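take this sequence and fold it.
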Amino acid sequence: MDKKMFKYVGIFVIVLVVFVLFALISNFLTGGAKYSYSKIEEKMVAAAKKYVKDMPGIIDGASPNSSTTISSLVLVDKGYLKDLSSLAKDDVICAGEVIVYKTLDGVIDYAPNLRCGNKYESMSLANQVIKDNGGGVINGAGLYQRVDGKFVTDYYDLSNSSSSSSFEYVFRGDNVKNYVKFDDNIYRIVAIDENNNLTLIFNSYLRKFLPWDDRYNTDIDKNYGINDYEKNGIKSRAMEHVESFHNKTAVLLNKEKYSEKVDHYLVGIDLCVGKRSISDRDVSGKIECKKILYDQNAGLLPAYYYMGASLDSNCTSITAKECGNYNYFSSFDDSWWLLTANSEDSSEAYVVNKKSVDSESCRGKYGIRPIIKIGSRVLYSEGDGSLDNPYVVKYFDD
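Coordinates of the predicted model:
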């Protein structure tokens, strides 16, 4: 190598050293590296995990289906996290906390809540869905408010519903953007409760068509099944099938792989297992919710949600053919069991036969479409809820 080449190499090394020193000095003067808001959320979760590992009593003694909130100020004070404002690229004051949740199965989930002035705020899936639907619609397909069991259909009630004793959002109509994707698994949002927890129904079903129940029924002296979903600790076949879904032991329709992410998001779901007659006209849920099975990991869809999803005013009973009109559940393939059983026949439960519902023998074999509930802490990542662009949530893995 000649002297001229040595000269160029030397100049390059000097420039490189100066650049690195400048970057280090700039980084020091500005308080350290700057990150995107999503990256800051990840750092908050990482700090909370280390904190909980060092202080296991924070979560070990917590009961299932409960949460603990760890302020970012605590994480900063204990040296697990830098001041949030110093991490942001924008000149903004940031604050936040991490919700540490313990599911019914003992799975620990971490959800950050970051607020940085008017620049950024962590968006929950529930709030994104509500925002995408304008806070609720009063006609056509979309997300409706249901107040004290009745759907809101005028603007005055829409803006004055917060003080009601019973409140939820429910998707209605035949063309709604309520798809959510977890890896290979697609769900559809059925409802959002007053605490912003979301009820989802599996868009597929178990691979084998299965009976609601197939035990000997004394009332009719035949093995046509007993239509008690659960009674005195005895589980119906339907409940056993649902539990096999939650435990990931059942084979799914297209042999999809179960998403492990779902376990982190679950909250207990209260199943309304009351029975209804074919002639019952109520769609508020008060019939089915006369009997509730509390804090379950999964279940089946109660009849009143199926009826409520229809925009046809002639959907006045569970077997009315009009209930399949303007109803997104009618887009589901094949026949599938509802949670609700027939109060007039101890051997029958209700089946969705594509675009209508019939009362069928519990021993019949139909699809199992489980429902689950995920928590308000679940954060939105991307998507608009359509089948081609479903909602995707943020996942903070170890």
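
for Ile70, which residues are in contact?
Neighbour list for Ile70: 48, 51-52, 58, 97-98, 100 [criterion: C-beta atoms under 8 Å, 6 or more residues apart in numbering]. For glycine as for every other residue, the C-beta is placed from the backbone atoms N, C-alpha and C.

for burial, what's the neighbour tally of the nearest residue to Phe171 once chain neighbours are set aside?
The spatially closest residue to Phe171, leaving aside those adjacent along the chain, is Asn178, at 4.8 Å (C-beta to C-beta, 6 or more residues apart in numbering). The local packing of Asn178 (other C-beta atoms under 10 Å) involves 26 other residues.

now the helices for the stretch 151-300 of the chain?
The residue ranges that make up the helices of the stretch 151-300 of the chain, judged by DSSP state H, counting those that start in this stretch, are 155-159, 237-246, 262-265.

still on that earlier bit, out of the contacts of Ile70, which sit inside strands?
The members of the contacts of Ile70 that map onto strands under DSSP state E are 97-98, 100.

take the residues you listed and write them to JSON lines, including neighbour count and pLDDT.
Putting these into JSON lines (neighbours: other C-beta atoms under 10 Å; pLDDT from 0 to 100) gives the following:
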{"residue": "Glu97", "neighbour count": "19", "pLDDT": "98"}
{"residue": "Val98", "neighbour count": "28", "pLDDT": "97"}
{"residue": "Val100", "neighbour count": "23", "pLDDT": "95"}
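
from the residues you listed, pick the one nearest Pro390.
Ranked by distance to Pro390 (C-beta to C-beta), those are led by Val98 at 26.4 Å.

and that closest one, what does it touch?
By C-beta under 8 Å, 6+ apart, the residues touching Val98 are 44-45, 47-48, 69-70, 72, 75, 110-113.

which SS class is Ser313?
Local secondary structure at Ser313 is given as coil here, using DSSP: H, G, I helix; E, B strand; the rest coil.

which phi and psi does it have?
Backbone geometry at Ser313, expressed as degrees, to the nearest 10, gives phi -70, psi -10.

adjust the sequence numbering to begin at 6 for everything that follows.
Will do, 6 is the new start, and the previous item becomes Ser318.

where do the strands of the stretch 6-155 of the chain begin and end?
If DSSP state E, counting those that start in this stretch is used as the criterion, the strands of the stretch 6-155 of the chain fall at 71-76, 99-107, 113-121, 125-126, 147-152, 155-156.

output these as CSV; include the columns distance to Thr324.
Listed next are those as CSV, based on distance: least, C-beta to C-beta, whole Å:
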stretch, distance to Thr324
strand 71-76, 41
strand 99-107, 40
strand 113-121, 40
strand 125-126, 46
strand 147-152, 22
strand 155-156, 21
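
of these, which approaches Ser170 most closely?
Closest approach to Ser170 among the strands of the stretch 6-155 of the chain (C-beta to C-beta): strand 147-152, 8.8 Å.

any low-confidence regions in the stretch 156-305 of the chain?
In the prediction, the stretch 156-305 of the chain carries residues with pLDDT under 70 at positions 164-169.

give me that answer again for 90
Within the stretch 156-305 of the chain, the stretches falling below the threshold (pLDDT under 90) are 159-171, 189, 212-213, 258-261, 265.

need the strands for it, in chain order.
Counting by DSSP E, counting those that start in this stretch, the stretch 156-305 of the chain forms strands over residues 172-177, 184-187, 190-198, 203-207, 215-216, 235-236, 239-240, 274-277, 297-301, given from the N-terminal end onward.

in CSV: the ones you listed, plus distance to Lys378 and mean neighbour count.
Output for the strands of the stretch 156-305 of the chain, formatted as CSV (distance: least, C-beta to C-beta, whole Å; neighbours: other C-beta atoms under 10 Å):
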stretch, distance to Lys378, mean neighbour count
strand 172-177, 12, 21
strand 184-187, 12, 20
strand 190-198, 8, 22
strand 203-207, 5, 24
strand 215-216, 22, 22
strand 235-236, 17, 14
strand 239-240, 19, 12
strand 274-277, 4, 20
strand 297-301, 9, 14
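
tell me which of those sits nearest to Asn319.
Closest to Asn319 of these is strand 172-177 (C-beta to C-beta; 14.8 Å).

quick one: list the elements packing against the closest one.
The elements that strand 172-177 packs onto, with contact taken as 3 or more C-beta pairs under 8 Å, 6 or more residues apart in numbering; DSSP states H and E, are strand 147-152, strand 190-198, helix 308-313.

of all the ones you listed, which lies closest to Asn332?
Go through the helices and strands packed on strand 172-177 one by one with C-beta to C-beta and the one that ends up closest to Asn332 is helix 308-313, at 7.5 Å.

what angle separates the helix or strand just after the closest one from strand 297-301?
Reading on from helix 308-313 to the C-terminus, the next helix or strand found by DSSP states H and E is strand 340-346. Interaxial angle of strand 340-346 relative to strand 297-301 (axes from the mean of the first three to the mean of the last three C-alpha atoms, to 10 degrees): 120 degrees.
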